[in-house]
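*Asks:* just coords:
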């Protein structure tokens, strides 16, 4: 059963209450379909038939949930295609949200509408104001501590210059003095995350073998690992947000272009909490501890640690950074043979955990030789 999702439920209220019609209802042609940007699975998607629905989602857990529910997923929508209805669950990051609204308006057919919703504590007012600036007057309803808002029938953006400006807000750009490429919406998109930087400073040069980076983001920690640890011969990046993983592929291209001695690098659009496909000598991670809506979820970090323990070879090493207050000690102690805190600074802690080696089988005692025993006492 899908978990409660107030924003998704509220998004569909104008349709379920008859304030808006779903393209294709009443036998009408729905071949042009409905585009749902940043779609999520939930009961509201199935309360009524949704013919022609095409969903777009770059966050792996949400994408997999949509696929399991039988929703068609678009890898990347055709920029020339236009839809009579575009649904949007805008992200919290303002530039990414504005760029998504610009995309939604551009993808709307003549006479079509954009319908969006956000939770009040995740910037609903700001998102509503942004769509109004871009597309003109809106209708609005509030329920479930969320706001749903939709445009009048559109004939393009109300402000074409603003639409072009906002469409460019999500562009890939250099950060960290040009060392990395990033874009709004990915974790710590416009800077080097201080927790990851602290972990990188403490990575020992003797880390060796096949490594994995869990929750790799745009690739900073992976790049530092390959730079500081020359005995890493292969590295797999696991990242749930495809937009970040695409950046990591570009940011690490220089390592792959080295001579024959260069490391083998794999890029995996993957939900780490489901486990890893193979064993590793080294794992590094700055695990997430909140959802995309910023709600605290330390259980996600604990699951990352448990998965790392499962995937490491005996004697394998996990190097982890976490906020100092997060309760990870119990799972670390339960999952690893040895755990030590390497450093603590600026509210973060660096931990090395080593997977226990298998216990050596005890040798059976030699049979007691009574003859030798008698001779020993002569």
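*Replies:* On my side now, so go ahead. Owing to the predicted nature of the structure, the values given are computational and were not obtained by experimental measurement.

*Asks:* how far away is residue 313 from residue 211?
*Replies:* Distance of residue 313 to residue 211, computed by C-beta to C-beta, to the nearest Å: 11 Å. C-betas here are computed from N, CA, C, even on glycine.

*Asks:* Kindly apply the preceding question to residue 194 instead.
*Replies:* Distance, residue 194 to residue 211, by C-beta to C-beta: 22 Å.

*Asks:* and those two? which has more neighbours close in?
*Replies:* More crowded of residue 194 and residue 211, by other C-beta atoms under 10 Å: residue 211, with 26 against 14.

*Asks:* Any idea what that one is bridged to?
*Replies:* residue 235, residue 282 (DSSP bridges).

*Asks:* So residue 324 sits against residue 348, correct?
*Replies:* Yes. Residue 324 lies in contact with residue 348 (C-beta atoms under 8 Å); the separation is 6.2 Å.

*Asks:* Contact partners for the residue nearest to residue 189 when sequence neighbours are not counted?
*Replies:* Leaving aside its sequence neighbours, residue 189 sits nearest to residue 182 (C-beta to C-beta, 6 or more residues apart in numbering; 4.7 Å). By C-beta atoms under 8 Å, 6 or more residues apart in numbering, residue 182 lies in contact with 172-175, 189-190, 218, 247.

*Asks:* can you do 7 Å?
*Replies:* Neighbour list for residue 182: 173, 175, 189-190, 218, 247 [criterion: C-beta atoms under 7 Å, 6 or more residues apart in numbering].

*Asks:* One more: residue 140?
*Replies:* Contacts of residue 140 (C-beta under 7 Å, 6+ apart): 128, 147, 149.

*Asks:* so what's the second one bridging to?
*Replies:* What that stands for is residue 147. Here residue 147 sits in beta bridges with residue 118, residue 142, going by DSSP bridges.

*Asks:* Please report phi then psi for residue 40.
*Replies:* Main-chain dihedrals, residue 40, degrees, to the nearest 10: phi -130, psi 150.

*Asks:* so it sits right up against residue 88, yeah?
*Replies:* No. Between residue 40 and residue 88 there is no contact under C-beta atoms under 7 Å: 11.5 Å.

*Asks:* In terms of neighbours, single out the busier of residue 324 and residue 348.
*Replies:* Ranked by neighbour count (other C-beta under 10 Å), residue 324 and residue 348 place residue 348 first, with 20 against 11.

*Asks:* So what pairs up with that one in the strands?
*Replies:* Beta-bridge pairing of residue 348 under DSSP bridges involves residue 323, residue 345.

*Asks:* picking that back up, just the pLDDT at the residue nearest to residue 189, thanks.
*Replies:* pLDDT, residue 182: 98.

*Asks:* Test of understanding: give the bridge partners of it.
*Replies:* The partner residues for residue 182, given DSSP bridges, come to residue 173.

*Asks:* any idea how far it is from residue 36?
*Replies:* Counting by C-beta to C-beta - residue 182 and residue 36 are separated by 26 Å.

*Asks:* What of residue 322?
*Replies:* Residue 322 is 35 Å from residue 36, where distance means C-beta to C-beta.

*Asks:* cool, and residue 103?
*Replies:* Taking C-beta to C-beta, one finds residue 103 at 12 Å from residue 36.

*Asks:* Just the closest of the contacts of residue 182 to residue 10, please.
*Replies:* Nearest to residue 10, judged by C-beta to C-beta, of those is residue 189 at 27.7 Å.

*Asks:* SS state for the closest one?
*Replies:* coil (DSSP: H, G, I helix; E, B strand; the rest coil).

*Asks:* Can you give me the pLDDT of it?
*Replies:* For residue 189, pLDDT reads 95.

*Asks:* ok so residue 95 is a helix residue?
*Replies:* Yes. Assessed with three-state DSSP, residue 95 lies in a helix.

*Asks:* That one contacts residue 184, doesn't it?
*Replies:* Yes. The criterion here is C-beta under 7 Å, and residue 95 meets it with residue 184 at 3.9 Å.
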